[in-house]
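> what follows is a predicted structure for the sequence shown.
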Amino acid sequence: MSMYKNATSQVIDDLAKKLKDIKEIVAPDWSNFVKTSTARERPPVEDDWWYSRAASIMRKLYILGPIGTNKLRRKYGGRKNRGHKPEKYYKGSGKIIRVILKQLETAGLAEQKEKGVHKGRILTKKGQSLLNTAGKK
């Protein structure tokens with residue numbers, strides 16, 4: 001990680017530190033061995049990657065309104081190196097996203113909502129205030 005960070009990564013880092021203090025958000029035992037996508041070759045190297053992903057998902061819920069697991073899978077996917085064949089896009093892991101969304105719901109930071117034809121999860125007032133205080137000095 002470089003010395004200079006943009007505002008988005010600073011907010012995500014600060015929010016991840018705040019999420020560590022919430023008892024409902026805990027990295028499962030299997031999170032040390034799982035890849036975040038089929039496009040990845042190895043699991044994440046960082047020890048606290050679960051909280052960074054949860055913070056990133058909270059930010060996506062705030063920006064994109066009611067959003068479901070499938071759209072978040074597309075956001076966290078990537079191109080897979082398939083050797084001599086051309087690269088191909090693969091979605092991210094749905095299990096990781098589902099578990100984080102459930103943890104955010106039990107913590108009272110997210111809730112299910114329908115808005116017209118769109119249905120998915122949004123941030124609650126508690127989640128919005130936590131996100132707004134992150135990144136501010």
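Everything's here; your move.

> what does stretch 112-132 rub up against?
Residues outside stretch 112-132 that contact it (C-beta atoms under 8 Å, 6 or more residues apart in numbering): 11, 15, 18, 58-59, 61-62, 65-69, 71, 101, 104-105, 108-111. To be clear about C-beta, it is placed using only N, CA and C from the backbone, and glycine gets the same treatment.

> hmm, I typed the wrong one, I wanted stretch 6-17.
5, 48, 51-52, 54-56, 58-59, 130-131, 134-135.

> and the residue of the chain positioned farthest from its centre, what element?
Distance from the centre of the chain peaks at residue 84, with 31.5 Å (C-alpha atoms, centre = their mean). Using DSSP states H and E, residue 84 sits within no helix or strand.

> related to what we said a few turns ago, pull out the buried members of the contacts of stretch 6-17.
The neighbour-count criterion (16 or more other C-beta atoms under 10 Å) marks 51-52, 54-56, 58-59, 130-131, 134 among the contacts of stretch 6-17 as buried.

> where in this structure is pLDDT low?
Under the criterion pLDDT under 70, the flagged ranges of the chain are 1-5, 137.

> hang on, the earlier thing: check contacts around the residue farthest from the centre of the chain.
So residue 84 contacts nothing (C-beta under 8 Å, 6+ apart).
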